[in-house]
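1. fold the following and give me the result.
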Amino acid sequence: MSFSDLIQTADWKKEKHVPVIEAPDVVKADEPFDVTVSVGKELPHPNTTEHFIAWIDVFFKPDGDKFSYHVGHFDFRAHGESAKGPNKGPVYTHPIVTFSMQVNKPGRLVSLSWCNAHGLWEDEKTISLAE
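-> Got it, this is the predicted structure:
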């Protein structure tokens with residue numbers, strides 16, 4: 001078994017676990033641009049003590065390069081847990097993150113999300129450079 005056998009994919013419009021990458025299709029080389037990754041964009045993902053998105057990771061794989069680059073790891077720690085019991089806490093995080101990055105080559109953004117009940121999910125988006 002390889003690591004890729006553990007990753008699930010689906011259409012984010014029909015599956016609440018898929019991370020959705022929102023970023024420009026075309027960017028200028030070496031200029032920052034914003035990226036937003038969310039889980040549950042079309043179909044909301046539960047955010048409960050029993051069922052939650054624990055983290056989102058983002059990678060960039062430049063065209064022609066052998067390796068990808070780990071852009072960021074984003075943890076979501078509060079899911080309604082409390083000493084009073086499950087889903088009685090005062091804080092719930094939502095699996096959405098926005099950050100800024102820049103590239104000097106075209107390539108693919110790849111995002112992984114981890115659901116504690118349903119495992120790893122993946123999405124990707126191609127980023128081109130303006131000429």
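
2. phi and psi next, for the residue nearest to Gly72 when sequence neighbours are not counted.
-> Leaving out its chain neighbours, the residue that sits closest to Gly72 by CB to CB, 6 or more residues apart in numbering is Val58, at 5.1 Å. Bear in mind the C-beta positions are built from the backbone N, C-alpha and C, glycine included. Dihedral angles of Val58 (phi, psi; degrees, to the nearest 10) stand at phi -130, psi 140.

3. what pLDDT is listed against Val58?
-> pLDDT for Val58: 98.

4. just list the residues touching it, thanks.
-> 21, 35, 37, 70-72, 74, 99, 109-111 (CB atoms under 8 Å, 6 or more residues apart in numbering).

5. buried residues in stretch 49-57, which are they?
-> 49, 52-53, 56-57 (16 or more other CB atoms under 10 Å).

6. what do you get for stretch 78-91?
-> 79-81.

7. which residues of this protein fall in strands?
-> Using DSSP state E, the strands of the chain run over 7-8, 19-22, 26-27, 33-39, 53-62, 69-75, 96-101, 107-115, 119-129.

8. now those strands in JSON lines, with distance to Gly85?
-> Formatted as JSON lines, the strands of the chain follow (distance: least, CB to CB, whole Å):
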{"stretch": "strand 7-8", "distance to Gly85": "31"}
{"stretch": "strand 19-22", "distance to Gly85": "30"}
{"stretch": "strand 26-27", "distance to Gly85": "47"}
{"stretch": "strand 33-39", "distance to Gly85": "25"}
{"stretch": "strand 53-62", "distance to Gly85": "20"}
{"stretch": "strand 69-75", "distance to Gly85": "23"}
{"stretch": "strand 96-101", "distance to Gly85": "26"}
{"stretch": "strand 107-115", "distance to Gly85": "22"}
{"stretch": "strand 119-129", "distance to Gly85": "26"}
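
9. thanks again, I'm all set now.
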